[in-house]
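# The following block contains a protein sequence and its predicted model.
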Amino acid sequence: MFWRNMATNAHPSVLPSMQTLPMLMHTARYVHRLLALAFIVASIMFPASLQTFKILFLVGMAACFLVSLPGCRGTVPVARQLTLITAYYAVIGVGFVLWGMMNGGRGTAETLMVYVLGPVAYWFVIQGIDNQSAVRRLHIALLICTFVVSVLVILKMLSVFGYSSHFIDTVLALFPEDRFLVPGRYSPRIMSTLLFLAPYSISSFVLHGDSHSSMPRSVLGIALAPVIVSVIISGRNVLLLVILILPILLLVSLKWLSDDLAKTVLVRIRRLALVYALTVTVAFALAPRYVEWSPKLAGKALIAAFNPSRSEGARVRFEEAEELMASAAASPLVGHGLGKGIDGYVRDSERPWRYELRPLALLAQVGVIGLLLYLAGLLWMYRTAFAVAASSPRMAPAVVVMMVSITCVIIGDATNPYLDQVGRLWMLFMPIGVLNASLLSASTAPLRKDMKN
């Protein structure tokens, strides 16, 4: 309307350029959405490489933002609350990164990327997720990435087990950042993305709705086969854990769905439990034919995994917990700063400030005050998501699927620093992107008004 009025009252000599400008801004918004989607896919498939392309995507999004800004009449395609939460996290990050640098931290540059520049960069990314069409495209892209990653994990594990071929080697060569380090071992960077993608695909199948999916449930069901297989053979206990507790999280989410959808989802959760039971039964029956395995051995291995005297991993984590608690006790309120490791205790020689037990590591680095500040932002995101789901039944499935998935990531992050890397920040910001589309949609306009008041 603004540009239409300007064009109507404009001098005839400038009328063609006035009519071209809105079209240019519309094209910029479309290109921005495509670049955001390309950035997300690149981050999923190549979490530690293709950095030049990712930077170019971000520069392109910034340029599109500037081009489309005049048509926004002073507003941006990001909900005001999300702009504030992004700035909130960036400011907290600046404070604790500087505090870590003052205390002699060696990870200033990388922690600055994760805790300060990361939120700013994703502020431009979530601008590309500003309507339901963008949410659908994101949903399809995530499901395709899930299928591809699952197949890659299966091929990788087959190669580890000795079932290699020219085809498998050729496919794995396309992802050099996941190259084998020594025979029988590998760098599971892509595999770690399943911590978000596996719960996402399964939750999408259970909460399938027209608001966020254009794929038939039959296609989703077929695509789940490699996901479940990859989780089972991955050897990652945390993946098995989050998949097992996923039905419980879905049950909890029923209260934010409409009554009709909740009843349908409840039936699907029961079916999902039957699929789990059938899968475990088949695995128990077939596994002994190929590997030295039995339910009894599996039970002993599970118990040993939490016994420091019988498991190296458990021993290391118990030792790490003691060191981190001692470090936190030395500066309980504000910690020692982001990027600051424990003198004399290093778990990663390249990044001495990183530790597996992320909650305790954060406590040691940002203290009780910093931990409460970060938790406040996280709780705000959950509160906003549930408010959106309750007020917008059409967007509720997409929002619930995202929140269930990020919950699984947070559970996994308690045992390994998944969210302490720039290449995995997309896991945290994808739910924020869907919230952005929901808050900007006309169906949640009353909600935005109430939340501003």
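Good, I have the coordinates.
# mind checking the SS state of G104?
Counting by DSSP: H, G, I helix; E, B strand; the rest coil, the backbone at G104 sits in coil.
# What sits closest to it if chain neighbours are left out?
Of all residues not flanking G104 in the chain, K340 sits nearest, at 6.8 Å (Cβ to Cβ, 6 or more residues apart in numbering). The way it works is simple: take the backbone N, C-alpha and C, and place the C-beta from them, glycine included.
# Surely that neighbour is in a strand?
No. Under three-state DSSP, K340 sits outside any strand and is assigned coil.
# close enough to count as contact, it and W353?
Yes. With contact defined as Cβ atoms under 8 Å, K340 reaches W353; the gap is 5.9 Å.
# what residues are shared contacts of the two?
G100, G105, R106, G107, Q365 (Cβ atoms under 8 Å, 6 or more residues apart in numbering).
# and the third one, how many neighbours does it have?
Neighbouring residues of R106 were enumerated by other Cβ atoms under 10 Å; the total is 15.
# pLDDT wise, what is it at?
Per-residue pLDDT puts R106 at 80.
# Contact partners for it?
R106 neighbours (Cβ under 8 Å, 6+ apart): G339, K340, G341, P352, W353.
# What distance do you get for the fourth one to G100?
Right, P352. 12 Å (Cβ to Cβ, to the nearest Å).
# intersection of neighbour lists for these two?
Common neighbours of P352 and G100 (Cβ under 8 Å, 6+ apart) are G107.
# Same drill for those two, tell me which one is more crowded.
More crowded of P352 and G100, by other Cβ under 10 Å: G100, with 26 against 18.
# what's the helix or strand for that one?
Assessed by DSSP states H and E, G100 sits inside helix 80-102.
# gap between that helix and the chain center?
19 Å (Cα atoms, centre = their mean, to the nearest Å).
# that older thread, how about the residue nearest to G104, what does it touch?
Applying Cβ under 8 Å, 6+ apart, we find K340 in contact with G100, N103, G104, G105, R106, G107, W353, Q365.
# so which of those residues is the most crowded?
Ranked by neighbour count (other Cβ under 10 Å), these have Q365 at the top, with 31 neighbours.
# In contact with that residue, which residues are there?
If a contact means Cβ under 8 Å, 6+ apart, then Q365 has F96, G100, G335, H336, G337, L338, G339, K340, W353 as its contacts.
# Over to G221?
Counting by Cβ under 8 Å, 6+ apart, the residues that G221 touches are F205.
# Could you confirm it falls within a helix?
Yes. Judged by three-state DSSP, G221 forms part of a helix.
# isn't there a strand covering S349?
No. Using three-state DSSP, the assignment for S349 is coil, not a strand.
# for W256, what are its contacts?
By Cβ under 8 Å, 6+ apart, the neighbours of W256 are F386, A389, A390, A396, V400.
# Kindly supply the ChimeraX command isolating those of those residues that are buried.
Only the buried entries of these go into this ChimeraX selection, using 16 or more other Cβ atoms under 10 Å:
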select :386,389,396,400
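# how about JSON lines for the contacts of W256, with pLDDT, distance to R136 and secondary structure added?
Below are the contacts of W256 laid out as JSON lines (pLDDT from 0 to 100; distance: Cβ to Cβ, whole Å; DSSP: H, G, I helix; E, B strand; the rest coil):
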{"residue": "F386", "pLDDT": "88", "distance to R136": "22", "secondary structure": "helix"}
{"residue": "A389", "pLDDT": "86", "distance to R136": "17", "secondary structure": "helix"}
{"residue": "A390", "pLDDT": "83", "distance to R136": "22", "secondary structure": "helix"}
{"residue": "A396", "pLDDT": "86", "distance to R136": "15", "secondary structure": "helix"}
{"residue": "V400", "pLDDT": "91", "distance to R136": "16", "secondary structure": "helix"}
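# Fine by me, we can end here.
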